[in-house]
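1. okay, predicted coordinates and the sequence, questions at the end:
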Amino acid sequence: MRYTTKEIVFITTQCLNKAHCFESDVWQGEMVCAWMRYDQQIKSTVNFEISTVAGSEYIHFKDIEHDCLPGVKTKLDCMAKLDCTPCHFGGRRWWLICPMVANGKACNRRVGALYLPTTGTVFGCRRCCKLRYEKSRKSYYKYL
């Protein structure tokens, strides 16, 4: 079964930006990510560190705990590079660089969201995790 982007743990630059994670040189903390599985909402708490120091921009995922398994933390130890582009009216937009490796080659795709596969400990982009968007799945079943 192929999952959709809403059925596994994900983290986006938009959520990180709303939490003001990019405003200091180094930010440590955790974020609660809500996702759906079998029409039931599950919350996961991801512990991570972000560095926006020039030349050393990264996000380091440390561990994750799911509300369906309280007290059980899964060690992640996954790092992804960060990149930024200037905005037309000032400021900058942050991007996540996919850290997944397939066939000995790193993906390095610049994306706005990273996903954690159900059996993995490394975050990756939608393509590397072989995910579909929810809307495309519904239209697929509509024509069967």
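-> Perfect, thanks for sending it.
2. could you use CA atoms for every contact and neighbour count after this?
-> OK.
3. which strand or helix spans the nearest residue to residue 68 once chain neighbours are set aside?
-> Sequence neighbours aside, residue 42 is the residue nearest to residue 68 in space, at 7.1 Å (criterion: C-alpha to C-alpha, 6 or more residues apart in numbering). Using DSSP states H and E, residue 42 falls within strand 40-53.
4. so which elements touch that strand?
-> Judged by 3 or more C-alpha pairs under 8 Å, 6 or more residues apart in numbering; DSSP states H and E, strand 40-53 is in contact with strand 26-37, strand 56-66.
5. now do the buried residues in the helix or strand following the shortest one.
-> Read that as strand 56-66. The C-terminal neighbour of strand 56-66 among helices and strands, as given by DSSP H and E, is strand 73-86. Neighbour-count burial for strand 73-86, counted by 16 or more other C-alpha atoms under 10 Å, picks out 76, 78-83.
6. quick one, strand 73-86 and strand 56-66 angle?
-> Orientation check (axes from the mean of the first three to the mean of the last three C-alpha atoms, to 10 degrees): strand 73-86 against strand 56-66 gives 140 degrees.
7. list the helices and strands strand 73-86 packs on?
-> Counting by 3+ C-alpha pairs under 8 Å, 6+ apart, the packing neighbours recorded for strand 73-86 are strand 56-66, strand 92-97.
8. who does it pair up with?
-> Here strand 73-86 is paired, per DSSP bridges, with strand 56-66 (antiparallel), strand 92-97 (antiparallel).
9. hmm, who's touching it?
-> Strand 73-86 is contacted by residues 52, 57-66, 92-99, 110, 121-123 when judged by C-alpha atoms under 8 Å, 6 or more residues apart in numbering.
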